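My questions concern the predicted model and sequence given below.
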Amino acid sequence: MSFQSIRSVFICVMFVSTFLFSTQSYAHGGLSLADDICKLVIGPYTMHFTGYQPDNTQEKEFCEDIPSTGRTVVALDYIEEALRPLPTEIRVIKDIGSETDIEAITILHVPSKVYSNGSINFEYTFTQPGKFVGLVTTGDKQEHVSRFPFSVGQPKGILSAAVQSPLLILGITVFVGAALILVGRRRKQSSDIKSS
């Protein structure tokens, strides 16, 4: 197999891997990184989200996914002054695909109250890796809800996605096999034409 053929197969594998991985990406709902600030969108309002794991990463902040299990400290700071008189509730639940019995899957609940100083701080110790959902509800009638899925202690990247998804591994294997067969056939056709 020529260098050109190997390079073509490698480029195709990388393209398909990237495509398959992007379909596996995890949506983070109301939480996003914008202008180097992690923002939580909740209805017409925004909060600044900051997460720390002081026992693991000291002062390093994270946005969205939590890098490892252990003690986790979260700070939510109001960006708009209009949030200060509104009651806010925080809930972290296990992501099991259904929220019908929310109390049964709740791992952390900070009851609704007014934070007139514009800052909410809480901590929780995650003992197991997994997928979770954060729910921040605000307003007198709890009219604004921000829902953001996140993972704890789960590595990122295509290799970790491949480990977690047998379909991804199968897809890449099938594609590589098909590409090798195609390259082999083209090579055979090329040698047949030269010998004629």
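Sure, I can see it.

Now Ile96: closest residue in space, sequence neighbours ignored.
Counting by C-beta to C-beta, 6 or more residues apart in numbering, Ile96 lies nearest to Ile105, which is 5.9 Å off, once chain neighbours are set aside. For every residue, glycine as well, the C-beta is placed using N, CA and C.

which ones are touching that neighbour?
Listed by C-beta atoms under 8 Å, 6 or more residues apart in numbering, the contact set of Ile105 reads 93-94, 96, 99.

how deep is Ile42 tucked in, by neighbour count?
Residue neighbour count, defined by other C-beta atoms under 10 Å, stands at 24 for Ile42.

Please identify which of the contacts of Ile105 is nearest to Ile181.
Closest approach to Ile181 among the contacts of Ile105 (C-beta to C-beta): Ile96, at 41.7 Å.

mind checking how far the residue nearest to Ile96 is from Leu135?
Applying C-beta to C-beta, to the nearest Å, one obtains 11 Å for the distance of Ile105 from Leu135.

Pull up the overlap in contacts between the two.
Where contact means C-beta under 8 Å, 6+ apart, the residues bridging Ile105 and Leu135 through contact with each are Ile93.

Now distance to Val174 too, for the contacts of Ile105, in a markdown table please.
Converted to a markdown table, the contacts of Ile105 look like this (distance: C-beta to C-beta, whole Å):
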| residue | distance to Val174 |
| --- | --- |
| Ile93 | 37 |
| Lys94 | 34 |
| Ile96 | 31 |
| Glu99 | 36 |
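
Low-confidence bits of the chain, can you list those?
Where the chain drops to pLDDT under 70, the residues are 1-36, 58, 155-172, 183, 188, 190-196.

can you list the domains in it?
Residue ranges for the structural domains of the chain, counted by automatic domain parsing, are given in the record as 3-22+165-195, 28-156.

just checking, which of those sits deepest inside the structure?
domain 28-156 (a mean of 16; mean count of other C-beta atoms under 10 Å).
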